[in-house]
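Engineer: only geometry, no sequence info:
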């Protein structure tokens, strides 16, 4: 086999080249398993089989569909990879190398998917291996029948074959009597159990099992004898001669005489200790956080449900979620190693505040920890949380320094009969968000009146990805008019959602929640692409009259390091001229943590995009502080404009504040836009103050593209439209 040429990625399925990463993965896999079993294949043939398996594994991992790999486990057995170390070698190679070969990032989600995939692979392998063993058993059974029923010459030949199979099998085999005594055993069984043949003949099978396992086996064996069972298979413990327990798979076949009466049993025993320990290790890793050893989110929810179910009527339950304040800064400023040290220390301190008889503790994700308190009261949970916050705030030694950290906590407490685990955790995490809004080292108790609307928004946010797939989202375009002469200055893309149950929803009903849950990334990219396609279409139809299309970038998207690549990709795909897109970045994120302008701002301007800072006047920096930014203009927040009031004359203080902002912006050679221009009086005041462009009900509501096109043709905005 050593002289055979290794197949390349090109040799795989002449219809197309195999991904190089998967080709290398298949090579590693082949090298790991070929020596574990007596495989009747050349290295090249085996690698060809494993290459096909590799593609299925990678696709299943990408789609988070572990069930599809069950047949891969069966295929390994079909390829005769049945040696004692074959499965372990496969699991190690797949666990360590498949994610990278499949192009997936190293993250907790990928780790969980790999664990699920390995479990499905192991299950398929074990099912097929059992069938393989049962096939051997059936062969033996047939040999026994032939030995009993054939003529003397055929009988002797049959007995020789049986003895060969009996003596040379790698599976432990025993022949017993009806009472369970061991009459004969092969060498594999003797080595497995650590007894000689004579020592085994002095024992029953039950003597080799723990008491409870022996009792269960005796009951099952009686059912086999009386015909209730046709065969008997089980996974259980046996005790070796040196006292060490092992895990085995047992298959018992009862040989009956010509009258159908039980004659003697044939027992096949396979040592599965290594596989059992491996499965237990994977099971523990699946249900526990590997860094802290605490329960993970899934097991925490499961145990919470069980614990709540054991409470008496009228008893209450509390759940607290702790979040480390500023943990991202610690990780970024120091190192991941220090961050891990901090999390392990906090986990240990939280353990000291939980009563094991009445509580549970888990690492929910990242820097968040969940604590369940049974038979609680609101005051009692708060007291536990305050003790925990005090412990967390104690200095932590790391890399020769003392770190002083704090945490905030969200608390929910309610009667046990109204406590559903997932809702408890969700509401506690929501309360944690409220606590963090109040500053560091704070706690907040969940309030239904406050949580209801926010929960609805979060639920909507989780539906956004599917809504995007189902085509429920679309863009409308709000006219922007010059305040000096009401000519059309552009349009702003506005996202709308035609929800199948709730009707048409505006962005104010779901975008903020989408930002918090991380759903806004995909959504923001979709808006940019759709708006760019529309801008390109108008440019092709209207030429120089085509309007600038304004796009408000969510904060997460504005700070995305991949933003420029995404924008240039959209330009390439749609053919839009960058100067037809005006990108609006909120004033709260235009500078980085060091106070420097976001690098993306100057790169966007250099590539021809118009850039405007939005939200000015809603808090944060004023126009003077924004003057040094590489942008084209500012947009006054609608709330800032609303301070002018509803009367015939504007509020003097608001008028002076807006006038100052406009003057400072013009000194910095920035154009000034105003949002929320809903009244004629506001438009007149802003025009007198020098605001360049306005948008709002005074210039017309958002409209579909075909409704905007008459304004493009006329070049004006109809204030009555």
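Structural biologist: Yep, it's here. From a predicted model like this one, the values you see are computed outputs, not experimental measurements.

Engineer: okay, now the domains of this structure?
Structural biologist: By the assignment in automatic domain parsing, the chain contains the domains 9-133, 169-277, 292-446, 461-709.

Engineer: average pLDDT across the shortest one?
Structural biologist: Averaged over domain 169-277, pLDDT sits at 87.

Engineer: ok, residue 324 to residue 124 distance?
Structural biologist: The spacing between residue 324 and residue 124, counted by C-beta to C-beta, to the nearest Å, is 41 Å. Glycine gets a C-beta too; all of them are placed from N, C-alpha and C.

Engineer: with distance to residue 139 added, can I get the domains of the chain in TSV?
Structural biologist: Putting the domains of the chain into TSV (distance: least, C-beta to C-beta, whole Å) gives the following:
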stretch	distance to residue 139
domain 9-133	11
domain 169-277	10
domain 292-446	43
domain 461-709	53
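
Engineer: helix or strand: which one has residue 93?
Structural biologist: Assignment of secondary structure by DSSP states H and E places residue 93 within helix 86-101.

Engineer: now residue 524
Structural biologist: Assigned by DSSP H and E, residue 524 falls within helix 520-542.

Engineer: so how far is that helix from its chain's centroid?
Structural biologist: Taking C-alpha atoms, centre = their mean, to the nearest Å, one finds the center of helix 520-542 at 30 Å from the center of the full chain.

Engineer: could you do stretch 361-378 as well?
Structural biologist: Computed by C-alpha atoms, centre = their mean, the chain-centroid distance of stretch 361-378 equals 20 Å.

Engineer: that one: end-to-end distance?
Structural biologist: Criterion C-alpha to C-alpha, to the nearest Å; first-to-last residue distance in stretch 361-378 is 18 Å.

Engineer: list the buried ones in it?
Structural biologist: 361-364, 367-376 (16 or more other C-beta atoms under 10 Å).

Engineer: and the residue positioned nearest the centre of the chain, how close does it get to residue 99?
Structural biologist: Nearest residue to the geometric centre of the chain (C-alpha atoms, centre = their mean): residue 109, 3.6 Å. Distance, residue 109 to residue 99, using C-beta to C-beta: 11 Å.

Engineer: longest helix anywhere in this protein?
Structural biologist: When the chain is scanned for its longest helix (criterion: DSSP state H), the result is helix 108-149.

Engineer: helices or strands up against that one?
Structural biologist: Using 3 or more C-beta pairs under 8 Å, 6 or more residues apart in numbering; DSSP states H and E, the elements in contact with helix 108-149 are helix 43-62, helix 70-78, helix 86-101, helix 152-168, strand 245-256, strand 262-271, helix 273-287.

Engineer: show me which of the buried residues of stretch 361-378 is closest to residue 585.
Structural biologist: The nearest member of those to residue 585, counting by C-beta to C-beta, is residue 367 at 28.0 Å.

Engineer: residue contacts, the closest one?
Structural biologist: Shown in contact with residue 367 (C-beta atoms under 8 Å, 6 or more residues apart in numbering): 323-324, 327, 343.

Engineer: min pLDDT across those residues, which one?
Structural biologist: Within the contacts of residue 367, residue 327 has the lowest pLDDT, namely 81.

Engineer: so it makes contact with residue 365?
Structural biologist: No - applying C-beta atoms under 8 Å as the test, residue 327 and residue 365 come out as separate, 11.8 Å apart.

Engineer: what's downstream of the worst-scoring helix or strand of the chain on mean pLDDT, the next helix or strand?
Structural biologist: In the chain, no helix or strand scores lower on mean pLDDT, DSSP states H and E than helix 152-168, which sits at a mean of 59. Sequence order places strand 172-176 as the next helix or strand after helix 152-168, per DSSP H and E.

Engineer: report the strands that pair with whatever helix or strand comes next after that following strand, each with its relative direction.
Structural biologist: Following strand 172-176 in sequence order, the next helix or strand is strand 182-185 (DSSP H and E). Strand 182-185 has its sheet partners listed here by DSSP bridges as strand 172-176 (antiparallel).

Engineer: what lies in contact with the partner strand?
Structural biologist: 140, 166, 182-186, 188-189, 192-193, 200, 205, 248, 264-271.

Engineer: can you pull out the strands in the stretch 501-650 of the chain?
Structural biologist: For the stretch 501-650 of the chain, the strands defined by DSSP state E, counting those that start in this stretch occupy 503-505, 549-552, 581-586, 610-616, 633-636.

Engineer: out of the ones you listed, nearest to residue 300?
Structural biologist: strand 503-505 (33.3 Å).

Engineer: now render the helices and strands packed on helix 108-149 as CSV, adding distance to residue 113 and mean neighbour count.
Structural biologist: Formatted as CSV, the helices and strands packed on helix 108-149 follow (distance: least, C-beta to C-beta, whole Å; neighbours: other C-beta atoms under 10 Å):
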stretch, distance to residue 113, mean neighbour count
helix 43-62, 6, 20
helix 70-78, 15, 20
helix 86-101, 8, 20
helix 152-168, 41, 13
strand 245-256, 27, 18
strand 262-271, 30, 20
helix 273-287, 11, 15
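
Engineer: out of those, which gets nearest to residue 492?
Structural biologist: helix 43-62 (37.1 Å).

Engineer: for the closest one, packing partners?
Structural biologist: Looks like helix 43-62 contacts helix 20-33, helix 70-78, helix 86-101, helix 108-149 (3+ C-beta pairs under 8 Å, 6+ apart).

Engineer: could those be laid out in CSV, adding mean pLDDT and distance to residue 710?
Structural biologist: Formatted as CSV, those follow (pLDDT from 0 to 100; distance: least, C-beta to C-beta, whole Å):
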stretch, mean pLDDT, distance to residue 710
helix 20-33, 88, 54
helix 70-78, 86, 61
helix 86-101, 86, 54
helix 108-149, 77, 49
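
Engineer: so for residue 252, which of the ones you listed sits nearest?
Structural biologist: Distance to residue 252, taken as C-beta to C-beta, is lowest for helix 108-149 among the helices and strands packed on helix 43-62, at 9.3 Å.

Engineer: that closest one vs strand 172-176, what angle?
Structural biologist: On the basis of axes from the mean of the first three to the mean of the last three C-alpha atoms, to 10 degrees, helix 108-149 is oriented at 40 degrees to strand 172-176.

Engineer: pLDDT below threshold where in the stretch 251-400 of the chain?
Structural biologist: 283-286, 331-333 (pLDDT under 70).

Engineer: good, we can wrap up now.
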